[in-house]
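A.B. asks: Need coordinates for the below:
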Amino acid sequence: MRISYLFMPLLSFMVLTQPLAAQAAVGEPTDQGNEAMPNAMSHIMVAPNIDIQNIRDPFLSSFEKNRIEEAKRFKNRRQLPENKRKREVLEFFDLSTLKLVATYKKAGGEWVASVQDSTGKAYTVRRGNYIGKRGGRIEKIDGQTIYLVEQTINPAGEIVDRQVTLTMAEVNDNL
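C.D. replies: So this is what the prediction gives:
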């Protein structure tokens, strides 16, 4: 058994040196006419072009992405001009709870309207007043309708104008 321990290092030396000699012989042409191994640099791989600006972040969940977009829309909401002024009384009511009761023309030719809230209290409004929680500005009043323009934010986060009407026909249909 002691003899095998003595021959073990000699055996391992012979095994390790044999592949080195074989590798040296492979790279050189032999007598049989074999060619040398091809150059390893000829097989270099090129990385694909990646659009870094539009790549999806794998660590960002869809919930977080929606929150970021919502924050951008909220930032635009602060830019709305209605938020920089003092709110009028009728801006605390939802537009669907307000009813157009009457419209009439004053002596100077200006149209004025009477709007009633859900409790029955009436308010007089004219062109330029604001109505509704979304800050709709009265642009025009005629015999049957109040025309409002609300500035809202679309899903892309842009501020857009939306026209809304409040008509007296809705009140007359319920009577």
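A.B. asks: Report how many residues lie close to residue 100.
C.D. replies: Residue 100 has 22 neighbours, counted by other C-beta atoms under 10 Å. To be clear about C-beta, it is placed using only N, CA and C from the backbone, and glycine gets the same treatment.
A.B. asks: just checking, it touches residue 148?
C.D. replies: No: using C-beta atoms under 8 Å, residue 100 is not in contact with residue 148; the gap is 11.0 Å.
A.B. asks: so what sits against both of these two?
C.D. replies: Common neighbours of residue 100 and residue 148, using C-beta atoms under 8 Å, 6 or more residues apart in numbering, are residue 166.
A.B. asks: tell me which residues in the helix or strand encompassing residue 139 are buried?
C.D. replies: In this assignment (DSSP states H and E), residue 139 forms part of strand 136-141. Buried residues in strand 136-141, counted by 16 or more other C-beta atoms under 10 Å: 136, 137, 138, 141.
A.B. asks: and the helix or strand just after it, which strands flank it?
C.D. replies: Past strand 136-141, heading to the C-terminal end, the next element that is a helix or strand (DSSP H and E) is strand 145-153. Here strand 145-153 is paired, per DSSP bridges, with strand 136-141 (antiparallel), strand 159-167 (antiparallel).
A.B. asks: can you redo these as CSV with distance to residue 119 and mean pLDDT?
C.D. replies: Shown next, in CSV, are the strands paired with strand 145-153 (distance: least, C-beta to C-beta, whole Å; pLDDT from 0 to 100):
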stretch, distance to residue 119, mean pLDDT
strand 136-141, 20, 92
strand 159-167, 17, 88
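A.B. asks: Among these, which comes closest to residue 71?
C.D. replies: Among those, strand 159-167 comes nearest to residue 71, with 15.7 Å by C-beta to C-beta.
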